[in-house]
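J.: With the sequence up front, the predicted model follows.
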Amino acid sequence: MIVALTGFMGSGKTTVGAALADLLGVRHADLDSLVEAAEGKSVGEIFSSEGEKSFRTLELKYLRRFLEKGGDAVLSLGGGTLMTPGAAALIREKALCIYLKTSPETLSERLRPEAGSRPLLKGAPLEERISSLLSEREAIYEKCADAVVATDSLTPEEIAEEIVLLCL
């Protein structure tokens, strides 16, 4: 079984994914890292040189590839993965999806130190940008999720333990 973690950037998908994979004794993959390794460029470089639409096309390609391989794994999705047409349907069909729900206040705290390196956070005050993107994405996160875990007051290990108890 593949467990896919979704949520906004800064919600802990990669950190929780690694902890969850350790608990389950399975492999962990991060979709952004898969794209970067295959393309030989960072997500930021792809956004800068080719644009968001091109990145989303690549993201869907590598998501499909990963899910087709199957096996037991934890996959940390990108924060915008489910917004790409077809991605949510793939996740719902091929994975158990967990939404790591995080408040805008916590996201702002976590993302502030690295906001300049996040392509989608450039160009507006951080809190406004987070609120705007989150309002666009939250409905699809919730619709696709088999379970929702509130992350604000939990450590990555506690979140991973809760996912095991809730869903597996």
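T.: Noted; the coordinates are in hand. Since we're looking at a predicted model, the values are computed, not measured.
J.: Please count neighbours and contacts with C-alpha atoms only from this point.
T.: Noted.
J.: residue ranges for the helices of the chain, please.
T.: 13-24, 31-39, 43-50, 52-69, 87-94, 104-111, 126-144, 156-167 (DSSP state H).
J.: looking at those, which is buried most?
T.: Among the helices of the chain, ranked by average contacts under mean count of other C-alpha atoms under 10 Å, first place goes to helix 13-24 (a mean of 21).
J.: still on that earlier bit, pipe the helices of the chain into TSV and attach mean pLDDT and distance to P119 per row.
T.: Listed next are the helices of the chain as TSV, based on pLDDT from 0 to 100; distance: least, C-alpha to C-alpha, whole Å:
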stretch	mean pLDDT	distance to P119
helix 13-24	96	18
helix 31-39	93	13
helix 43-50	86	6
helix 52-69	93	9
helix 87-94	95	21
helix 104-111	87	12
helix 126-144	90	11
helix 156-167	92	25
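J.: right, and the ones you listed - which one's nearest R118?
T.: Relative to R118, the nearest member of the helices of the chain by C-alpha to C-alpha is helix 43-50, separated by 6.9 Å.
J.: mind giving me TSV with the helices of the chain and columns for distance to A4?
T.: Written out in TSV, the entries for the helices of the chain read as follows (distance: least, C-alpha to C-alpha, whole Å):
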stretch	distance to A4
helix 13-24	8
helix 31-39	10
helix 43-50	20
helix 52-69	10
helix 87-94	7
helix 104-111	20
helix 126-144	10
helix 156-167	11
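J.: List just the one of the ones you listed that sits closest to L77.
T.: Among the helices of the chain, if distance is taken as C-alpha to C-alpha, the winner is helix 31-39, at 5.3 Å.
J.: Which among the helices of the chain is found nearest to M1?
T.: For M1, the closest of those is helix 87-94, at 8.2 Å, according to C-alpha to C-alpha.
J.: relative to helix 126-144, how tilted is the closest one?
T.: Taking axes from the mean of the first three to the mean of the last three C-alpha atoms, to 10 degrees, one finds that helix 87-94 is oriented at 40 degrees with respect to helix 126-144.
J.: Mind checking the helices of the chain for the one nearest to G80?
T.: Distances from G80 to each of those were compared using C-alpha to C-alpha; the shortest belongs to helix 126-144, at 7.5 Å.
J.: how big is the angle separating that closest one from helix 104-111?
T.: 110 degrees.
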